[in-house]
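# Below: sequence and its predicted model.
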Amino acid sequence: MTAPQQQKLKITGPVVVTANRLGDGAVVYFTAGKKWTTRIEDAAVVSTTPAATEFLQSAIADDVGAVGPYIAPVRLEGATIKPGNLRESIRLQGPTFELPASFGI
Amino acid sequence: MYHYDDFDRTLVTERVSEFRDQVARRLSGALTEEEFKPLRLMNGVYLQLHAYMLRIAIPYGTLSSEQMRTLAHVARRYDRNYGHFTTRQNIQFNWIKLEELPDAMTDLARGGLHGMQTSGNCVRNITTDQWAGVAPDEIEDPRIWAEILRQHSTMHPEFSFLPRKFKIALTAATHDRAAIRVHDIGLRLHRNGAGETGFEVIVGGGLGRTPFVGKTIKPFLPKRDLLSYVEAVLRVYNQYGRRDNIYKARIKILVHELGAEKFGAEVDAEWQKIKDGALALDPAFAADVAARFVYPDYEKLADGPAELTQARKNDTEFERWFKNSVSSHKVDGYAIVTLSLKPEGAPPGDATAEQMDAIADLADRHSFGEIRVGHEQNLVLPHVAQRDLYALWQSLYKIGVATPNVGLVSDIIACPGLDYCSLANTRSIPVAQELTRRFGDLALAQNLGRLHINISGCINACGHHHVGHIGLLGVEKNGEEYYQITLGGKADEDARLGALLGPAVKYDDVADVVEDVVATYVELRERPDELFVDTVKRIGIEPFKERIYAAR
Ligand code: SF4
């Protein structure tokens, strides 16, 4: 999938602003209060280009909070916010297989 | 083992303290991400999908047991208890925190390990045959020359900002286990008609978006000229490489556009100016580097000791492993043992901290404290007394690294793919895992013979799919994962690129299609010992195409 940072901004559905937290690289989402959270359920969801652009600009301005902010699609299932594609769901949930943990991996 | 000197130790320690300061300034906001990114990349720190990743170089694939323990410690203390061995004799930690990186690097530096030049547009980790120094088919230890090149290229100011990254691989054996023909520079140490040893210099090989097998521009280069000639190649590349277009910036494009002959002539002109200068190698210097490689104090032993013969007769599982994973050694009574990091259902190339520690202990007990890392993402114990093989096998079996599938269909090379990598189109690891389950029957795998499957999650080709006997390349179609399949690639002395089978297939179908490809081979091979890649060479891909796509 083309890296989202390289995509031209064109909003066609619900989106959030996401990035990696500076200190540990954890996946974070931008909230309505313009803070970073690891909880996708607390992310601000917008659906228009101007709103997404505004959030993205604020996120970019916070260079110490998180790295490489971009706009990612989400799916709304009732009040629940779900990642909009496989890449985003891997970012949220981690690899799609069990990580090696002990002998015999 | 190579013993680093004070210069190396100081260099690495100084770099760590410099990086500690850079990280502190980044965390405080004194450095912006734009300023910091090139600094972290210079130390092998990437940002992946869900965490930072640290890549550590394992020069010429040689690790001491102490270094392996250091890697285990880093995996345990700073990561999620495992590491991933890559196709370029590196190890990657996938969950490192930026805040903890300086401490992790300090611990690594104590073991002589670092991430310098594992990223960025510089000369990367110089790779070689994982059997260097012990392979019966080599004329001398290629690591001496890899080390000389490593010293010369480390933080070389002229070559720290090349048009793109630059990869050098070297072999001194008849059989190329280092994939030298698909590197920016491949060096093959061999003997000429007069009995002198020197290098065949191959340039412009590489995979990625535009794959090429390298071309020979110098059939025989005397050893004294190694540094000056490599320097001349780098200078020509530095001057003419396409800095304007990232997709055309690798040396392979330059060699292709100029033609190997013209490129060779440019190199030669540059080389004439410098060949007799400071870079002409003093034999005393080469001898000094060679002397820093300390070889084990081998016992005088005979091949085929009674303990081994007995164990092979009595234990069929051991016999199967012996035939697959044990290779001949230069020294009588010893053997080279490959440890498969590809057990059924596991991510290829991953090892847990416990496995690393246990392997380090076994290396101490059975391999003079030495371990090797190969580009096929397996490990090697290079100096095992044949009489110890049965005991060693039992220990390896317990820690899950004795699957007798080395070089077989389930010994899959796969890049991290979309499960980790921010550049990926598709996943690689789950495809590899599924294929290892499909081909989990070891008797079937053995019956198929040597068969390499390589998987890359995007066109960057970190899984070397173009040179897989069966290559899988992940592509995205309308947000879904698809895989292009190529057949007939090879990475060895007879390197060639695979041919495209046909339209890409869906994630859900890819394992079925690979199974069908393999079944077609079994039907069409001339004899049971005709290898997959030879069948493809003999009959082409059409018969495969017909079977695969007719059924779909
Ligand atoms: S081939 Fe692509 S997906 Fe795989 S590791 Fe390399 S860049 Fe990432």
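Structure received.
# Specify the local secondary structure of the spatially most central residue of chain A.
Centroid check for chain A by Cα atoms, centre = their mean gives A:Thr18 as the closest residue, at 2.9 Å. When classified by DSSP: H, G, I helix; E, B strand; the rest coil, A:Thr18 comes out as strand.
# now the one 10 residues further on
Reduced to three states with three-state DSSP, the structure at A:Val28 is strand.
# Just grab the bridge partners of it for me.
A:Ala19 (DSSP bridges).
# separation between it and A:Pro69?
Here A:Val28 is placed at a distance of 9 Å from A:Pro69 (Cβ to Cβ, to the nearest Å). To be clear about C-beta, it is placed using only N, CA and C from the backbone, and glycine gets the same treatment.
# what's the answer for B:Arg365, then?
Distance, B:Arg365 to A:Pro69, using Cβ to Cβ: 51 Å.
# The two: who's more crowded?
Legend: neighbour count by other Cβ atoms under 10 Å in any protein chain shown for B:Arg365 and A:Pro69, higher for A:Pro69 (25 against 16).
# thinking the more buried one is in contact with A:Phe30, fair?
Yes: taking contacts as Cβ atoms under 8 Å, A:Pro69 lies within contact range of A:Phe30: 7.1 Å.
# Report the set of residues contacting both of the two.
Common neighbours of A:Pro69 and A:Phe30 (criterion: Cβ atoms under 8 Å, 6 or more residues apart in numbering or on different chains): A:17-19, A:59.
# so which of these would you say is closest to B:Ile144?
Nearest to B:Ile144, judged by Cβ to Cβ, of these is A:Ala19 at 46.3 Å.
# Can you name the residues that contact that closest one?
By Cβ under 8 Å, 6+ apart, the neighbours of A:Ala19 are A:27-28, A:30, A:36, A:59, A:65-70.
# Among those residues, which lie within strands?
Among the contacts of A:Ala19, the residues falling in strands (DSSP state E) are A:27-28, A:30, A:36, A:66-70.
# pLDDT and distance to B:Glu481 added to the residues you listed, as a markdown table?
Compiled in a markdown table, these are given as follows (pLDDT from 0 to 100; distance: Cβ to Cβ, whole Å):
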| residue | pLDDT | distance to B:Glu481 |
| --- | --- | --- |
| A:Val27 | 98 | 20 |
| A:Val28 | 98 | 26 |
| A:Phe30 | 97 | 28 |
| A:Trp36 | 97 | 29 |
| A:Ala66 | 96 | 28 |
| A:Val67 | 96 | 26 |
| A:Gly68 | 96 | 23 |
| A:Pro69 | 97 | 26 |
| A:Tyr70 | 96 | 21 |
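# Let me see the backbone angles for B:Arg124.
Phi and psi for B:Arg124, reported as degrees, to the nearest 10, are phi -80, psi 180.
# Single out the residue in the stretch 201-350 of chain B that lies closest to the ligand.
Residue nearest to the ligand within the stretch 201-350 of chain B: B:Gly208 (8.6 Å; Cβ to the nearest ligand atom).
# That residue against B:Ala249, yeah?
No: under the criterion of Cβ under 8 Å, B:Gly208 makes no contact with B:Ala249, lying 10.6 Å away.
# Of all the residues in the longest helix along chain B, which ones are buried?
For chain B, the longest helix by residue count, based on DSSP state H, is helix B:6-28. Residues B:8, B:11-12, B:15-16, B:19, B:22-23, B:26 are the ones in helix B:6-28 that count as buried (16 or more other Cβ atoms under 10 Å in any protein chain shown).
# Would you map the helices across the stretch 201-350 of chain B?
Applying DSSP state H, counting those that start in this stretch to the stretch 201-350 of chain B gives helices spanning B:226-240, B:251-258, B:260-274, B:283-291, B:306-314, B:316-325.
# coming back round to it: and the nearest residue to the residue nearest to the centre of chain A once chain neighbours are set aside, what does it touch?
Leaving aside its chain neighbours, A:Thr18 sits nearest to A:Ala72 (4.8 Å; criterion: Cβ to Cβ, 6 or more residues apart in numbering or on different chains). Contact analysis of A:Ala72 by Cβ under 8 Å, 6+ apart lists A:4, A:15-18, A:83-84, A:88.
# Low-confidence stretches in chain B?
Scanning chain B with the threshold set as pLDDT under 70 gives B:1-3.
# For it, which residues are neighbours of the ligand?
B:415-417, B:421, B:423-424, B:456-458, B:460-463 (Cβ under 6 Å from any ligand atom).
# Go again with 8 Å.
Taking Cβ under 8 Å from any ligand atom, the part of chain B that reaches the ligand is made up of B:415-418, B:420-426, B:428, B:456-463, B:474.
# Return only those of those residues found close to chain A.
Contacts with chain A within the residues of chain B next to the ligand, counted by Cβ under 8 Å from any Cβ of the partner chain: B:418, B:420, B:422-425.
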